[in-house]
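pasting the structure only:
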């Protein structure tokens with residue numbers, strides 16, 4: 001179990017009584033995926049996105065009950081009050097077995113460099129925490145870090161201590177219980193200068209003092225909020241909004257029912273007036289479509305319509321003749337209009353003098369009649385035409401007015 005997870009459980013155990021149901025659910029979600037969440041930082045909202053997905057996928061099914069408090073209580077039933085001795089062998093600078101006893105409340109260890117002071121402290125650290133801060137900070141496997149250079153072997157130190165009920169029992173490593181019982185010298189040096197740092201650096205140094213660097217990193221890598229990664233309206237909220245729209249539509253229909261009912265009553269009264277032999281709408285319906293919906297007047301009307309559709313039209317010869325004469329008359333009218341339009345094209349080119357000369361030239365053939373209209377040209381040797389065309393043409397040429 002990592003230090004971060006131990007401290008997170010410790011934090012939850014202390015805070016369980018003040019946490020809401022949703023906060024406990026979120027805590028359980030984090031506990032269930034602790035390693036996955038701890039490995040993701042806050043950059044780009046990555047951790048927030050992971051948590052948001054967990055909330056959506058598993059939030060509803062997550063239990064709001066925390067078991068952390070009970071675990072902590074069970075862990076404290078056999079709490080070690082004080083260490084009595086430690087046995088080391090094949091550990092760091094100790095190749096042979098050595099036993100160090102702690103008979104008084106305070107034990108001071110002194111000696112020249114290289115006599116094993118640091119190795120003894122690390123033996124106590126490893127026996128209590130199952131880890132060594134120095135090895136972790138240098139990313140060296142603990143088994144390699146504690147190996148004795150002479151014997152080339154490594155062995156775990158054995159610690160003994162007293163509880164309220166028992167004396168001299170073997171102590172099992174438990175970071176959850178002993179994390180704050182061991183402070184390494186370098187951490188104290190850093191703590192001595194804590195006031196000269198920024199708040200963030202102070203927090204980091206305090207975490208280092210108690211060996212909580214890893215947990216501090218875990219705790220500070222959460223996003224400030226998850227609002228931007230969660231659908232706050234929720235699927236149910238959208239469903240409710242859609243249902244509200246549907247209800248509004250049904251409500252509008254219901255509000256219009258009285259008016260429709262009134263219109264239906266009016267139509268029903270009109271039908272009853274149209275079919276006085278029927279006592280009600282059901283009788284009218286039976287009369288129109290039959291008792292079983294396949295007869296009545298509707299069937300009779302459909303039958304009559306089918307019969308009429310099968311009838312053939314009879315040819316009326318008189319009508320056909322009138323239509324033919326009308327078509328012929330329309331053609332003549334059209335031909336007349338086309339002829340008049342054709343003649344109008346040559347109207348400006350017509351010369352009355354030439355026309356008069358042509359009539360005189362054909363006098364022997366047409367005698368005293370106009371070849372065009374058969375009207376009388378001379379009467380009693382005198383020209384019957386009111387105006388002499390030759391004189392008319394001369395007057396027109398000289399600027400005078402004349403008419404035929």
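Looks like it came in fine. Predicted model, so just to flag it, every value in this text is computed and none were measured. Numbering: from 1, shown residues only.

Can you get me a residue count around residue 323?
If you count neighbours by other Cβ atoms under 10 Å, residue 323 ends up with 11. Where C-beta positions appear, they are placed from N, C-alpha and C, glycine not excepted.

Residue 335 too?
In terms of burial, residue 335 registers 10 neighbours under the definition other Cβ under 10 Å.

roughly how far is whatever helix or strand it lives in from the heart of the chain?
Secondary structure from DSSP states H and E places residue 335 in helix 317-344. Relative to its chain's centre, helix 317-344 lies at 74 Å (Cα atoms, centre = their mean, to the nearest Å).

Tell me the buried residues in it?
Neighbour counts over helix 317-344 (16 or more other Cβ atoms under 10 Å) mark no residue as buried.

If you average the pLDDT over that helix, what comes out?
Helix 317-344 carries an average pLDDT of 80.

for stretch 376-392, same thing?
Average pLDDT, stretch 376-392: 64.

ok, back up a step: so which elements touch the next helix or strand after the helix holding residue 335?
Where DSSP H and E defines the elements, the next helix or strand beyond helix 317-344 is helix 352-361. Helix 352-361 is packed against helix 389-398, with contacts defined by 3 or more Cβ pairs under 8 Å, 6 or more residues apart in numbering; DSSP states H and E.

where along this structure do the strands fall?
82-88, 98-101, 158-162, 169-171, 378-379, 382-383 (DSSP state E).

hang on, residue 378 packs against residue 384?
Yes. Residue 378 is in contact with residue 384 according to Cβ atoms under 8 Å; the separation is 5.9 Å.

possible to save the strands of the chain as a markdown table with mean neighbour count and distance to residue 274?
A markdown table is the format used below for the strands of the chain (neighbours: other Cβ atoms under 10 Å; distance: least, Cβ to Cβ, whole Å):
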| stretch | mean neighbour count | distance to residue 274 |
| --- | --- | --- |
| strand 82-88 | 18 | 110 |
| strand 98-101 | 14 | 118 |
| strand 158-162 | 19 | 108 |
| strand 169-171 | 15 | 106 |
| strand 378-379 | 11 | 83 |
| strand 382-383 | 10 | 85 |
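
Go through the ones you listed and name the closest to residue 201.
strand 82-88 (33.1 Å; Cβ to Cβ).

Can you tell me the strand partners of that closest one and which way each runs?
Sheet pairing for strand 82-88, assigned by DSSP bridges, gives strand 98-101 (antiparallel), strand 158-162 (antiparallel).

For those strands, give me CSV that also has distance to residue 251 and mean pLDDT.
Formatted as CSV, the strands paired with strand 82-88 follow (distance: least, Cβ to Cβ, whole Å; pLDDT from 0 to 100):
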stretch, distance to residue 251, mean pLDDT
strand 98-101, 85, 93
strand 158-162, 75, 92
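
Turn these into a markdown table, columns for distance to residue 336.
Output for the strands paired with strand 82-88, formatted as a markdown table (distance: least, Cβ to Cβ, whole Å):
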| stretch | distance to residue 336 |
| --- | --- |
| strand 98-101 | 144 |
| strand 158-162 | 136 |
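
Can you tell me how far the residue lying closest to residue 97 once chain neighbours are set aside is from residue 264?
Once flanking residues are discounted, residue 97 sits nearest to residue 89: 3.9 Å by Cβ to Cβ, 6 or more residues apart in numbering. Distance of residue 89 to residue 264, given as Cβ to Cβ, to the nearest Å: 103 Å.
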